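Engineer: got a predicted structure plus its sequence, pasted below:
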Amino acid sequence: MPTDLKILNYTPPRISWFQRLSRLLDILKTSPHLNSHVQTLKLDLSSPIILKSLADRNWPSLKELHFRWIPSNDEQNQVLRNLQQLVASPGLRRLSLHFAGYAWSACYFKSIITHCSPSLTDLSLLGRDIGCDIPSKDCRQLTDSSNPTPKIASLSRLLLTSAAVPVLRDLAIPLDLTQVRTLSYQGLPGPASVGPIHLICPKIKELKIVSQDPTLGVHFHLRDFRSLQTIEVQFSSYPKHDWRFFSEMDDDNQISELLITSPHHEWQCRRGFTDCPGHSLGRQLDRVVLAKFPHLKKVMFEVFDSFGTDADCPIFNRDAILKHVHQALPRLTRRNIVSVMFSPIPVPFAEPEGRRKVRDAHEAAWQPH
């Protein structure tokens, strides 16, 4: 039996999302035993009416909650109350809160998280802009509950954006971030917003940086993450990466794995060119990595199909990608620690038929070496 319930925000022909929701809730109402089988709720649009409809029901087996575009709280605090009701599920382990622009504040987030189950292990906190905060007196009224606030000490994975850092920094309870081992960071911050991360999450072993800002790693002060073992970063020749944040690490670091994601056009030559865009940057990476990571055992490149990003983008070709990756990283290749994982991704529009036929031919003829 499916255990995921996902409510999308698009409108298929002749039926609105509200009609689809109504039908789904009618099924659950007439067959209440189905609620006990649902382990995951995903909302692409967390409208007040959907939140209320879901909060009015019991979800005893719920383990994951994913809310996108959470609206601002209303004057009657109904939106907040519904969110509090849903996150209080006793078995909840994964929670994703994606707030709409200017919809959230430190108090809003704290008022939600204080009602969470202490079993929470994974938290995603996304929101670009923080709105006006609630006066402290009103905030205390929102966060007060009849039960003692649980201490969430089991949190091991954290995904956040720059706007979330000051919120977490000033949030003494109920989150204990000292046990976080995996951190994913998204955004274009200034140095002030990134600096405190190593203080609030001092034991991070895996760090993923998702950003088009080539200086972001410098602001992270990676030398302060003494337990760090794995780093995942984006690879892009525009804006040009200079890998400074690797070269500034202490020589006694414990980094053993690098995962570098990149679009395939970085590793394939355009028509009329002999070098791929990522070649010179890869050469630089080849030098920096060996100089700074004495314990390195694995360098993984995850290359995804980016055909939709550029009209002149070459056809996704595994052989060409492998060739150029290894050519750009001769030292690491000789050590036999470089591997390439191909990850074609779906895109929101149809691939041209001619291009699809060429790509299918490549796919059919390609064999792993």
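Structural biologist: Right, received. Where do you want to start?

Engineer: okay, domains of the chain per the record?
Structural biologist: According to automatic domain parsing, the chain comprises the domains 1-180, 236-369.

Engineer: distance check, the residue nearest to residue 243 when sequence neighbours are not counted against residue 260.
Structural biologist: With sequence-adjacent residues excluded and distances taken as CB to CB, 6 or more residues apart in numbering, residue 243 is closest to residue 288, at 4.8 Å. The C-beta positions use only the backbone N, C-alpha and C, and glycine is treated the same way. Going from residue 288 to residue 260 by CB to CB, to the nearest Å gives 12 Å.

Engineer: the two: which is more packed in?
Structural biologist: Between residue 288 and residue 260, counted using other CB atoms under 10 Å, residue 260 has the larger neighbour count: 20 against 17.

Engineer: for that one, give me phi and psi.
Structural biologist: phi -120, psi 120 (degrees, to the nearest 10).

Engineer: which residues are in contact with the residue nearest to it when sequence neighbours are not counted?
Structural biologist: Sequence neighbours aside, residue 235 is the residue nearest to residue 260 in space, at 4.7 Å (criterion: CB to CB, 6+ apart). Contacts for residue 235 (CB atoms under 8 Å, 6 or more residues apart in numbering) come out as 241, 260-262, 266, 278, 281, 285, 301.

Engineer: give me the pLDDT for residue 235.
Structural biologist: Predicted confidence (pLDDT) for residue 235: 75.

Engineer: also the one 5 residues further on?
Structural biologist: For residue 240, the pLDDT comes out at 61.

Engineer: got any ranges where the stretch 201-350 of the chain has weak pLDDT?
Structural biologist: Scanning the stretch 201-350 of the chain for pLDDT under 70 picks out the ranges 212-219, 236-242, 271-274, 307-312, 344-350.

Engineer: hmm, try it at 90
Structural biologist: For the stretch 201-350 of the chain, the stretches flagged by pLDDT under 90 are 201-204, 207-226, 233-252, 261-285, 287-292, 304-321, 324, 342-350.

Engineer: just the CA coordinates for stretch 106-118, please, in PDB.
Structural biologist: Extracted in PDB, the C-alpha atoms of stretch 106-118 (Å, rounded to 0.1, in the frame of the first residue of the first chain):
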ATOM      1  CA  ALA A 106      12.500  33.600  14.500                       C
ATOM      2  CA  CYS A 107       9.300  33.400  16.600                       C
ATOM      3  CA  TYR A 108       7.300  31.700  13.900                       C
ATOM      4  CA  PHE A 109       9.900  29.000  13.400                       C
ATOM      5  CA  LYS A 110      10.400  28.600  17.200                       C
ATOM      6  CA  SER A 111       6.600  28.300  17.700                       C
ATOM      7  CA  ILE A 112       6.500  25.400  15.200                       C
ATOM      8  CA  ILE A 113       9.600  23.600  16.400                       C
ATOM      9  CA  THR A 114       8.700  23.600  20.100                       C
ATOM     10  CA  HIS A 115       5.800  21.300  19.300                       C
ATOM     11  CA  CYS A 116       7.900  18.800  17.300                       C
ATOM     12  CA  SER A 117       8.500  15.300  18.400                       C
ATOM     13  CA  PRO A 118      11.800  14.800  20.100                       C
END
